[in-house]
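Enquirer: Curious how this folds, go ahead:
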Amino acid sequence: MLTLTVVVILAVMLAGLARAFFARNVYDRVLAANLFGTKTVLLIAAISYLFGSPDFLDIAVVYALINYISVIGVLRVTEMRVIAQQEDKG
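Expert: As a prediction, the model looks like this:
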């Protein structure tokens, strides 16, 4: 049953990658990248449980923190870029 869960998570990650590549604006791409990162954390946790090694859970937590900080950073840079473009026009 856990193997099926891993396969479903991989399928959702593939759908998230497709959304990231074919999205129309940067916000949809960032949202898809965030989805991919979240599903990666779930995948690492499921693999950790599947192999019976709780050491991978530390890696999953660190990856979740890096994912969160990177998404906030990308959105902040995007926001600053939009503000700079508005100032150039106005």
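Enquirer: ok, residue 17 - how many residues close by?
Expert: 15 (other CB atoms under 10 Å). (Each C-beta comes from the backbone N, C-alpha and C, glycine too.)
Enquirer: how about the nearest residue to it, chain neighbours excluded?
Expert: Spatial nearest neighbour of residue 17, chain neighbours left out: residue 36 (6.2 Å); criterion: CB to CB, 6 or more residues apart in numbering.
Enquirer: for the helix or strand the one you found falls within, which positions count as buried?
Expert: Assigned by DSSP states H and E, residue 36 belongs to helix 26-51. Within helix 26-51, the residues scored as buried using 16 or more other CB atoms under 10 Å are 29-46, 48.
Enquirer: same thing with stretch 8-15?
Expert: 9, 12, 13.
Enquirer: Pull the residues that contact that stretch.
Expert: For stretch 8-15, contacts defined as CB atoms under 8 Å, 6 or more residues apart in numbering pick out 35, 36, 39, 40, 42, 43, 46.
Enquirer: residues contacting the last one?
Expert: With CB under 8 Å, 6+ apart as the criterion, the residues that contact residue 46 are 2, 5, 6, 9.
Enquirer: Can you tell me how far it is from residue 17?
Expert: Noted for residue 46: a distance of 18 Å to residue 17, by CB to CB, to the nearest Å.
Enquirer: returning to what we had before: just the mean pLDDT for the helix holding residue 36, thanks.
Expert: Per-region confidence: helix 26-51 scores 92 on mean pLDDT.
Enquirer: Determine the longest helix present in the chain.
Expert: The residue-count maximum for a helix in the chain (DSSP state H) belongs to helix 55-89.
Enquirer: Remind me which helix or strand residue 53 belongs to.
Expert: For residue 53, there is no enclosing helix or strand under DSSP H and E.
Enquirer: gap between residue 17 and residue 49?
Expert: Distance of residue 17 to residue 49, given as CB to CB: 24 Å.
Enquirer: ugh, wrong one, residue 55
Expert: 12 Å.
Enquirer: What of residue 26?
Expert: Distance of residue 26 to residue 49, computed by CB to CB: 35 Å.
Enquirer: and what of residue 60?
Expert: For residue 60 relative to residue 49 (CB to CB), the value is 11 Å.
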